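Trainee: sequence plus predicted model, see below.
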Protein chains: 2
Amino acid sequence: MDSLTIDRPLDMHLHLRDGEMLEVVAPLSAAHFSGALIMPNLLPPVSDGKMLREYGERIAAAVGEESFERYMTLFFRSDYDYDFLSSLRESITAVKLYPAGITTNSEGGVEGFDIAELSETLEAMSELGIPLCIHGESNGFVMDREAEFIPVYEKLAENFPHLKIIMEHISTKESVEALDRYENLFATITLHHLLITLDDVAGGLLRPHLFCKPIAKRYEDREALRSVALSAHPKVMFGSDSAPHPRNAKEAPGCAAGVFTAPIALAALSELFDSHGALDRLQAFVSDNARRIYDIEPPAKSVELRKEPFVVPERFGTVVPMMAGEEIGWSVVKVTQGGE
Amino acid sequence: MDSLTIDRPLDMHLHLRDGEMLEVVAPLSAAHFSGALIMPNLLPPVSDGKMLREYGERIAAAVGEESFERYMTLFFRSDYDYDFLSSLRESITAVKLYPAGITTNSEGGVEGFDIAELSETLEAMSELGIPLCIHGESNGFVMDREAEFIPVYEKLAENFPHLKIIMEHISTKESVEALDRYENLFATITLHHLLITLDDVAGGLLRPHLFCKPIAKRYEDREALRSVALSAHPKVMFGSDSAPHPRNAKEAPGCAAGVFTAPIALAALSELFDSHGALDRLQAFVSDNARRIYDIEPPAKSVELRKEPFVVPERFGTVVPMMAGEEIGWSVVKVTQGGE
């Protein structure tokens, strides 16, 4: 197969930032995706109706004419009650939980995972049918953080059986194995965790543009991720975790975590799926699974890709994308909005 | 104890580079150390008598008046024979073996470790009493490379029982455990592997100035290294592996491996040993063990350190040192040359 049309591609984990950066990156996602789940970790985090509305408007303004659905998320706090969440039900698609201090702008996140303390909020979300997205990492050794967090996922899944819990950007075989242990556990997987291991980040020269959290792991972890992504396991969705930082924040003595993949994601996924004879599973991985899991109906948009070389630009604004200057074997050749 | 005098401190693994960089870094090592084992991985590598002599002269010129012994090493090649090595016996202290492509300027190193192929050279070194220093890493996953290399160390130690083999800059508990399995295995340990883990390199922001090969490992590995360093295990020596790169090669999309520690090493080691109540072992770790293992008699130099804060400069020339701008609790306060 030398071409492929994806119906309503979705990016179920996206950082659009704000201000000038938003202006640069939002149009790039909107150009290829029908919609995206928008992460709330601004400074301050998106945590009330006013912020949701205003951030949504800024995204819409940045996107312009392109049809692109903003699936907004609220930054999790354990004092959200039923009435508060109910009042925002129509404005949000999910709530995003960060353990405190685990990644960019997560300082106000959760410390400890005391079920009693989280119970009112999670019960309310459960009743309202609001999924909980979690950045699941402990504060332990960087290579162990995700695996160490799995008991928390399990405790939450067990205590709130009607709450949909999304293990975000999973990076280990342990998370893949956990996926099927509870009916209400789901996962997103990024492009970069499907492509790289720690060897790509630090095995040769150090590559700051491939540095992310969770950090890329071992080959057996990548294999496990590929096995569920390339088969479009029904509980797994594409979420790029595309996370732009200006170049001077990446090539610096203290380099921020985040890989910018939004503009290359569909081309690189097509190449990966094609090389594994799995192109027929890509539609489910980048759209159908998310539509079913989140029960969403994104705006009509179809993206045609062809097996033609695409040279990744060196920069988008101040941001260096993953694979900058490299060639990907597939290209987005046509995007059609509307119709059906 | 609030002060300490070290007699003839030695750095048994040092990269002095060449040209302008040599001019910057050689005086910094010479200011604090009585001598150092000089790594041969220049471009092209130091691999004959002429290069040894000329590089030695350039080092001497860069060091100037300071008394500082250059313990030169020859870049290992499997075609060195007895006559060749014999002719260089007085010019070298050791031969340094790099697996091909494993670190900075190691392209001409050894591929595979076929005993038959290495035999003539290693027998000759054994007869001539020339120690073999090895950068012991496989081409495997970055966190596993050193542990995977241990069977090679063991094979060499077993096949050449009279050859002193130095496991350079060990970074894992597996290497520490291997140390006592063969009488002819020894090791150097760096300052940075005693201080940091992968968490310091990539657990928070990414820290290119802490990126090195072998990469910093887990807490249990650091503990194992500390146990033999702080007790001054008789087969263990200090070797900084101080490896300067200009700042623009470290803060870049592809950052070179190497931590620059020469000018902070004695102060930071004093602080570390002091904090573990092990100051009385530092003399053995930074000098006596090396003198015994290599059978060398360095020029008289004594370095007095005091428990007084030392703020690490932000730069030495173009090079950013480890702990740039940070405070170390101990300082070098006086260096006395000559006498006895």
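Mentor: Sure, I can see it. Residues are numbered from 1 along each chain as shown, chains lettered A, B, ... in the order given.
Trainee: mind checking the SS state of the closest residue to chain B within the stretch 1-150 of chain A?
Mentor: In the stretch 1-150 of chain A, the residue that lies nearest chain B is A:Val142 (4.2 Å; Cβ to the nearest Cβ). (Glycine included, C-beta is placed from N, CA and C.) Under DSSP: H, G, I helix; E, B strand; the rest coil, A:Val142 falls in the coil class.
Trainee: my guess is it contacts B:Leu206, does it?
Mentor: No. A:Val142 is beyond contact range of B:Leu206, at 10.6 Å (criterion: Cβ atoms under 8 Å).
Trainee: settle it for me: which of those two has more neighbours?
Mentor: With neighbours defined as other Cβ atoms under 10 Å in any protein chain shown, A:Val142 and B:Leu206 compare such that B:Leu206 has more, 26 against 21.
Trainee: one step back: quick check: phi and psi at the residue of the stretch 1-150 of chain A closest to chain B.
Mentor: Main-chain torsions, A:Val142, degrees, to the nearest 10: phi -50, psi -30.
Trainee: what residue ranges in chain A score low on pLDDT?
Mentor: A:339-340 (pLDDT under 70).
Trainee: residue numbers of the stretch 51-200 of chain A in contact with chain B?
Mentor: Residues of the stretch 51-200 of chain A lying close to chain B by Cβ under 8 Å from any Cβ of the partner chain are A:Phe141, A:Val142, A:Met143, A:Thr197, A:Leu198, A:Asp199.
Trainee: so the last one sits right up against B:Asp144, yeah?
Mentor: No. Contact criterion Cβ under 8 Å: A:Asp199 and B:Asp144 do not qualify, at 10.1 Å.
Trainee: and those two? Which one has more around it.
Mentor: The neighbour count for A:Asp199 versus B:Asp144, taken as other Cβ under 10 Å, is higher for A:Asp199 (18 against 15).
Trainee: how near is the closest residue to that one other than its chain neighbours to A:Val201?
Mentor: The spatial neighbour of A:Asp199 that comes closest, neighbours along the chain excluded (Cβ to Cβ, 6 or more residues apart in numbering or on different chains), is B:Val142 at 5.3 Å. To A:Val201, B:Val142 is 9 Å away according to Cβ to Cβ, to the nearest Å.
Trainee: for chain A, what spans make up the helices?
Mentor: For chain A, the helices defined by DSSP state H cover A:19-32, A:49-63, A:82-88, A:115-128, A:145-159, A:173-179, A:191-195, A:198-202, A:219-230, A:247-250, A:265-275, A:282-283, A:289-294.
Trainee: next up, the contacts around the residue of the stretch 1-150 of chain A closest to chain B.
Mentor: A:Ile215, B:Leu198, B:Asp199, B:Ala202, B:Gly203 (Cβ atoms under 8 Å, 6 or more residues apart in numbering or on different chains).
Trainee: tell me which two of these sit farthest apart.
Mentor: Across the contacts of A:Val142, no pair lies farther apart than A:Ile215 and B:Asp199, at 10.3 Å, counting by Cβ to Cβ.
Trainee: how about A:Arg207: what's its closest non-neighbour residue?
Mentor: A:Val201 (5.5 Å).
Trainee: over to A:Ala252?
Mentor: Closest to A:Ala252 by Cβ to Cβ, 6+ apart is B:Glu251, at 5.8 Å.
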